[in-house]
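In: pasting the sequence and the predicted coordinates here, then a few questions.
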Amino acid sequence: MSEKQLKLFVNYRRADNADFVQHMRTWFMIRYGRENVFMDFDTIPEFARFEDFIREKVREADAVVAVIGPQWLKLMQDKAAAGKPDYVRIELEEALKHGKVIAPICIKDASVPDETLIPPSLRPIFDRNIAQLRDGSDILERIDRITHSLETQIAAQGLARVVIEPTTEAAPKADTFIGVYDAFDYFLEAEQSHDWPKALGWIAKIREMGVNVPVDLGQREARILETLRIEEEKRRRREMADYLYGFARRMKKRGLPAEEIWDVLVQVWQVEPDYDPDDLGGKLVAQVAPQPPKVDFSKAVRDVIGGPFEWIDILGGVVELEDGMGNFTIPDFAIAKYPVTNKQYQTFVDAKDGYTNTKWWDYSEFAQAWRKEHQSPANTAFAGDDLPRTDVCWYDAIAFCRWLEQRTQQKILLPTDQQWQRAAIGDTGWQYPWGNEPPDKDRCNFARNVGQTTPVTQYPKGASHFGIMDMSGNVWEWCLTEFDTDSININTNSPRVVRGGSWRYDDSDFLRAAVRHWFNPDRMNHYQGFRLARSL
């Protein structure tokens, strides 16, 4: 194609709703192509002077999207007061200097800043109608209107360029008649093959037809966009890790001290754990001061109780609980990929220091009283090594965690109410771990469709986007948290939260990731189990 592609520069502050801006970037990339949307450190040359580089990127762009968050003005004033370089301001002044199309967008609950408080050099940016972008069901329509308005402004200034769709086949040509059945079939084909740009193109085409379809395309579109965002975040982490790693390579080539190179590698691993394509860490580890050995925490657990077992690390964040419990910000943690199985729990029962050792119940008088009345554990309801262990009360589940904690030297307990929900749906807002589609027999075990528990590895299609299995159906799972108070004090006999629904419950609402239920801590039944969590 002889014409140039449209290029965008996204101007924003990292400390001001960066996650929301990442979503915006994903939408722009879908429309204009990844290589044509610049934000942050993309393709920054090694050793380049940062200010010179971003000025060059602004000059290359056709338009600059100026993202105005709730803290935009305050952060600018803080930079000025501290005498620090303000790259957001530098970028915008460069764009004005070269007559670039500037598209200011107020996001979330931000409002247009008071003109008298804005530096005079930036006031021309606000002499125009400023777009608003909020969370809500119409957010995709809003971003579509914004991009079309932006393209109109570029064309009006004689800078018209080609808008490149994600792939040449992302959507059919406008003059091609294709029936809605065919269009829907092409969409499903693209969705099933994970060709996300093409799938989004067919969604747009179906909408253009103006016909009703018995599928919620909006939900599917939102899920695809979330998948693209996650993939893009992984790509960005790898790019940043590779950028930092380049310094370590050159330091090694020039024979710099091993300790200095190691410090750079530590920065790399903070961005992308274990990223070391040249095995510099392995070559240097003997030369640096003793480092704590890398521990395979999952293997350490498997060495005690066997598989299947894997820790999944979960980034912390905000969790909104139902029942008026409110919003909570939680730190990073790890959670087991699968519920505890019959075979794994039996290891505890059979161990010489396991169920027979009453010290594992000495954390509360109520647990001790329970253990005194139950000299032997209850039998699981259904035989099978890889079935989830049932008929385990909360007291016994805590005892198992304490035993395994001592055996592995890891901080192991039941997941809290908030940890469980974040592991199930993260920030997606989905109804279920897999998305918003209703439960079916391919995703989970529910409504007696099997008649008993099933192996914890049986439903990969029902896994959360973190890859965690069996978070809907099969067995209710104990949480650490008291149901009514949000306390995680293990010394009480208060009812405890259970999550996830079970094979026995007919009401599919119990399978929703946000649903909270409870049992008394001495409750045991054949549709209830537990999984493990670990503090990081």
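Out: Good, I have the coordinates.
In: how many neighbours does the residue nearest to residue 355 when sequence neighbours are not counted have?
Out: Leaving aside its sequence neighbours, residue 355 sits nearest to residue 349 (Cβ to Cβ, 6 or more residues apart in numbering; 4.7 Å). All C-beta atoms are positioned from the backbone trio N, CA, C, and that covers glycine. Residues near residue 349, counting by other Cβ atoms under 10 Å, number 14.
In: measure residue 349 to residue 358 for me?
Out: Per Cβ to Cβ, to the nearest Å, residue 349 is found 14 Å from residue 358.
In: just the helices in the stretch 301-450 of the chain please.
Out: In the stretch 301-450 of the chain, the helices defined using DSSP state H, counting those that start in this stretch lie at 342-350, 365-373, 394-408, 417-425.
In: ok, residues contacting the third one?
Out: Residues from elsewhere that reach helix 394-408 (Cβ atoms under 8 Å, 6 or more residues apart in numbering): 297, 300-301, 304-305, 340, 345, 348, 351, 353-355, 357, 360-361, 363, 366-367, 370-371, 377, 392, 410-414, 478, 490, 496, 519, 521-523, 530, 532.
In: for the lengthiest helix in the chain, packing partners?
Out: Looking across the chain with DSSP state H, the single longest helix is helix 217-253. With contacts taken as 3 or more Cβ pairs under 8 Å, 6 or more residues apart in numbering; DSSP states H and E, helix 217-253 sits against helix 18-32, helix 139-156, helix 196-209, helix 258-271, helix 280-284.
In: of those, which is nearest residue 431?
Out: Shortest separation from residue 431 across the helices and strands packed on helix 217-253 is recorded for helix 139-156, at 18.0 Å, computed as Cβ to Cβ.
In: show me the chain divided up by domain.
Out: If you go by automatic domain parsing, the domain ranges for the chain are 8-156, 222-284, 298-535.
In: I'd like those domains as CSV, with distance to residue 189 appended.
Out: Shown next, in CSV, are those (distance: least, Cβ to Cβ, whole Å):
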stretch, distance to residue 189
domain 8-156, 18
domain 222-284, 14
domain 298-535, 18
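In: ranges for the strands of the stretch 351-500 of the chain?
Out: Assigned by DSSP state E, counting those that start in this stretch, the stretch 351-500 of the chain shows strands spanning 412-413, 476-482, 496-499.
In: including mean pLDDT, distance to residue 78 and mean neighbour count, could these go into TSV?
Out: Below are the strands of the stretch 351-500 of the chain laid out as TSV (pLDDT from 0 to 100; distance: least, Cβ to Cβ, whole Å; neighbours: other Cβ atoms under 10 Å):
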stretch	mean pLDDT	distance to residue 78	mean neighbour count
strand 412-413	97	40	22
strand 476-482	97	38	26
strand 496-499	97	41	26
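In: so where's this structure shaky on pLDDT?
Out: 1-4, 40-48, 136-138, 158-178, 289-293 (pLDDT under 70).
In: backbone dihedrals for the residue nearest the centre of it, please?
Out: With distances taken as Cα atoms, centre = their mean, residue 426 lies nearest the centre of the chain, 5.4 Å away. The phi and psi values for residue 426, taken as degrees, to the nearest 10, are phi 50, psi -130.
In: residue contacts, it?
Out: Residues in contact with residue 426 (Cβ under 8 Å, 6+ apart) are 314, 317, 464-466.
In: neighbour count and distance to residue 147 added to those, as a markdown table?
Out: Converted to a markdown table, those look like this (neighbours: other Cβ atoms under 10 Å; distance: Cβ to Cβ, whole Å):
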| residue | neighbour count | distance to residue 147 |
| --- | --- | --- |
| 314 | 22 | 33 |
| 317 | 15 | 28 |
| 464 | 26 | 31 |
| 465 | 18 | 26 |
| 466 | 19 | 31 |
